[in-house]
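Participant: dropping the sequence and predicted coords here.
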Amino acid sequence: MPHRADTAPEDTVPDDAVLDDPVGASLRGHHAHLARRSGRALGYLPEVATFCAVTGEPDPAAWADLARLLGPGGFADLFSSPATPPADWAPVFVLEGRQLVHPGAALAEEPAGVVELGADDVPEMLDLVARAQPGPFRPRTRELGRYLGVREHGTLVAMAGERLRPPGWTEISAVCTAPEARGRGHAARLVNALVARITTRGKRPFLHVAESNTAALALYERLGFETRTPVAFRGFRVP
């Protein structure tokens, strides 16, 4: 069924250079109200997301700001940033992945069978994430953007939503389906619904996927996404 646009479409063509630092670009812009800061360091509020970034050249002063922001023993989730923190910051994880972008061609209409998820749905969303393991999702992650779901007999069995919001772009994330409901096309339906909404707003969709998640990668490519660049997701522990 046709859907209502969130805002009027914009005529600007998004610059993909902001995708080199999607966390920092989001925190300095659309998600500024969900950010915490210390000097040149920024991070999401802990109940929203773990991602953080430094502004400008990642020099010792910038890393000192981030250390103050996170505190001793704090977790520095640098997402896809290639910046290297000081040598005494202990590595926590490295995960190879890709950043993919959609050409931005709008769908004629939003796919049927999806519902918008709100604050009252958060307990079910957290339960689904715990079972499907799509990646980080916290009690207030829903505030990053619109989240859509699919229900079967009243039970939430699949969802996807909007996360990072660098200028001109909107990231699709948290794409997941309950184990018992897989193979029914729910993920494709949800991603297409989000693409429809994002492009109607005049934005370009993008997303990230782990290199090892070959099934998801094949799905996204089938839905029109193209690889922009390989990335490495990395986390460190502040001394």
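Facilitator: The structure has been received and is ready for your questions. Numbers count the residues shown, from 1 in each chain.
Participant: quick one, phi/psi of the closest residue to residue 74 other than its chain neighbours?
Facilitator: Spatial nearest neighbour of residue 74, chain neighbours left out: residue 238 (4.4 Å); criterion: Cβ to Cβ, 6 or more residues apart in numbering. C-beta here means a position set from N, CA and C on the backbone, and glycine is covered the same way. Main-chain torsions, residue 238, degrees, to the nearest 10: phi -70, psi 130.
Participant: residue 238 and residue 71 touch, don't they?
Facilitator: Yes - between residue 238 and residue 71 there is a contact at 7.0 Å, judged by Cβ atoms under 8 Å.
Participant: looking at the two, which is more packed in?
Facilitator: residue 238 (20 against 9; other Cβ atoms under 10 Å).
Participant: in contact with the more buried one, which residues?
Facilitator: Each residue near residue 238 by Cβ atoms under 8 Å, 6 or more residues apart in numbering is listed here: 66, 67, 70, 71, 72, 73, 74, 75, 76, 89.
Participant: between those residues, which sits nearest residue 189?
Facilitator: residue 75 (34.1 Å; Cβ to Cβ).
Participant: which strand residues bridge the closest one?
Facilitator: Going by DSSP bridges, residue 75 is paired in beta bridges with residue 237.
Participant: so it is in contact with residue 49, correct?
Facilitator: No - counting by Cβ under 8 Å, residue 75 does not reach residue 49; the two are 11.5 Å apart.
Participant: which one's more surrounded, the two?
Facilitator: For residue 75 versus residue 49, the count of surrounding residues by other Cβ under 10 Å is larger for residue 49: 26 against 15.
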